[in-house]
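S.K.: let's see this in three dimensions:
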Amino acid sequence: MTDWIVPCVIAGILLYGLGKGVDLYDALTCGMKAGLTVCAGIFPAVLTMLVAITMVRASGAIDLLSAFLGPVLEAVGMPAECLPLALLRPFSGSGALSVGSAVMAQCGPDSRAGRVAAVMLGSSDTSFYTIAVYSAYLGLKNTRYTLKAALTADAVAFLMSGLAVGLLMR
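M.R.: Got it, this is the predicted structure:
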């Protein structure tokens, strides 16, 4: 039955539009035009963000920060292996998934670090990407309060991930 859900929904929408007398081809082309306009508007922001992420990862800055902050975060319950994930997650979802997979491969999925990495991936978002896309779409220039709130939420999610796993693994 699940193979038929999407085709049935599409057919239902088409039949509803035909029943209401909507010019389906015109509606489709207008929707495509609006979608391309949005893509053209957010493309520079997304491209800039992706270039910046690549530069930060290639420079070794994430490894340097991990070495510096690792002992401090270990004291509050976050495994040192998860620090690169916490630093990368606000910037890149695919990069964070790659780092999370590496943590799980290195330490094991049932280890404390593997579980904290899984909770971190599920409880946080790619804040810079989200802010870049929505700000570019809405034409916002000043995102300082949005950025502060998003990074605070990410920090809380990361710290609480270590705490929650610590409480549940006892």
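S.K.: what's the first helix or strand after the helix or strand hosting residue 102?
M.R.: Assigned by DSSP states H and E, residue 102 belongs to helix 93-107. Counting by DSSP H and E, the next helix or strand C-terminal to helix 93-107 is helix 112-123.
S.K.: I'd like the distance from that next one to the chain centre, please.
M.R.: Distance of helix 112-123 from its chain centroid, counting by CA atoms, centre = their mean, to the nearest Å, is 14 Å.
S.K.: what's the helix holding residue 102 packed up against?
M.R.: helix 83-88, helix 112-123 (3 or more CB pairs under 8 Å, 6 or more residues apart in numbering; DSSP states H and E). In short, each C-beta sits where N, CA and C put it, glycine included.
S.K.: what are the contacting residues of the first one?
M.R.: The contact list for helix 83-88, computed with CB atoms under 8 Å, 6 or more residues apart in numbering, reads 57, 62-63, 65-66, 69-70, 73, 78, 95-96, 99-100, 103, 117, 120-121, 154, 158.
S.K.: how about residue 125, secondary structure?
M.R.: Recorded secondary structure, residue 125: coil (DSSP: H, G, I helix; E, B strand; the rest coil).
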